[in-house]
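Novice: attaching a predicted model along with its sequence, questions to come.
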Amino acid sequence: MLKIAPSILSADFARLGSEIEEIKKAGADYVHFDVMDGQFVPNISIGIPVLKSVRKSTDMFIDVHLMIDRPVRYAKQFCQAGADLVNFHVEADSEENIMEAIRIAKDLGKKTGVTIKPKTPASAIEPFLPYVDLVLVMTVEPGFGGQSFMADQLPKIEAVKALIDKINPGCELEVDGGIDANTAASVKKAGANVLVAGSAVFGKADRAAAVKSIREA
């Protein structure tokens, strides 16, 4: 089943609780929660206190995307703050430490994912694939919202889907970056079943129509 995960990076933070309630009513499936540290990526966004507040305000599934250096340091805290799934960039640390971050989250009863940036090959997910619930392929360079979709990532999405089918068929395939009603169809065709959309949902007055247009693209 296709799932839509609006990124709150594009929401109005002055009314974040209401914004999340609106996307829930609009039919969104996940809340995508982007965390940036100014080290792994050049921007800084939000963190644990905001996650705690969001957790108190919604029962939606919260998909936390950690764009941070050495995420093993904070895996426990983000799980305890209310994440339902915590997503770790394979480029952010050693294979051993990413595995440890996955173990910490699993031991706390959370789902886990790994993420790859545009220049990272599909093969980089293989060591982690048996242990995760989701793989996220970035179709923009992580760190900023509102970027244009990188169509040259479509073959990699297909390659990741092939690895998932071979190694862990129950794993979800999420795509994040420039997703809207125009780009969603090719991403779905490549094998993705979770689509992250920021401005394409939060930037529209009619959120229900925006979610529907992406889902039905």
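Specialist: The structure has been received and is ready for your questions.

Novice: how about the helices in the protein?
Specialist: 16-25, 48-57, 75-81, 95-107, 154-167, 184-190, 199-202, 207-215 (DSSP state H).

Novice: do you know how far the residue nearest to residue 120 when sequence neighbours are not counted is from residue 114?
Specialist: Once flanking residues are discounted, residue 120 sits nearest to residue 91: 6.0 Å by CB to CB, 6 or more residues apart in numbering. (C-beta placed from N, C-alpha, C; glycine too.) Distance of residue 91 to residue 114, given as CB to CB, to the nearest Å: 10 Å.

Novice: comparing the two, which shows the higher neighbour count?
Specialist: residue 114 (26 against 17; other CB atoms under 10 Å).

Novice: which stretches of the chain have low pLDDT?
Specialist: Low-confidence segments of the chain, defined by pLDDT under 70: 144-146.

Novice: residue 101 touches residue 78, doesn't it?
Specialist: No: when contacts are counted by CB atoms under 8 Å, residue 101 is not listed as touching residue 78 (9.8 Å).

Novice: shared neighbours of those two, which are they?
Specialist: Counting by CB atoms under 8 Å, 6 or more residues apart in numbering, the common neighbours of residue 101 and residue 78 are residue 86.

Novice: quick check: the most centrally placed residue in the chain vs residue 114, distance?
Specialist: The residue lying closest to the centre of the chain (CA atoms, centre = their mean) is residue 65, at 5.0 Å. Computed as CB to CB, the residue 65 to residue 114 distance reads 11 Å.

Novice: shared neighbours of these two, anything?
Specialist: 87, 136.

Novice: out of the helices of the chain, flag the one nearest residue 3.
Specialist: Nearest of the helices of the chain to residue 3, taken as CB to CB: helix 207-215 at 8.9 Å.

Novice: any idea how far the closest one is from the middle of the chain?
Specialist: 18 Å (CA atoms, centre = their mean, to the nearest Å).

Novice: next one: stretch 189-198
Specialist: The answer for stretch 189-198 is 10 Å, by CA atoms, centre = their mean.

Novice: what residues does that stretch touch?
Specialist: With CB under 8 Å, 6+ apart as the criterion, stretch 189-198 contacts 1-7, 9-10, 29-30, 32, 63, 134, 136-137, 145-146, 154-155, 157-158, 160-162, 164, 172-177, 179-180, 184, 187-188, 210, 214.

Novice: could you tell me which of those residues count as buried?
Specialist: Buried by 16 or more other CB atoms under 10 Å: 3-7, 9-10, 29-30, 32, 63, 134, 136-137, 145, 154, 157, 160-161, 164, 172-177, 179-180, 184, 187-188, 210, 214, out of those.

Novice: picking that back up, the residue nearest to residue 120 and residue 117 touch, don't they?
Specialist: Yes: between residue 91 and residue 117 there is a contact at 5.9 Å, judged by CB under 8 Å.
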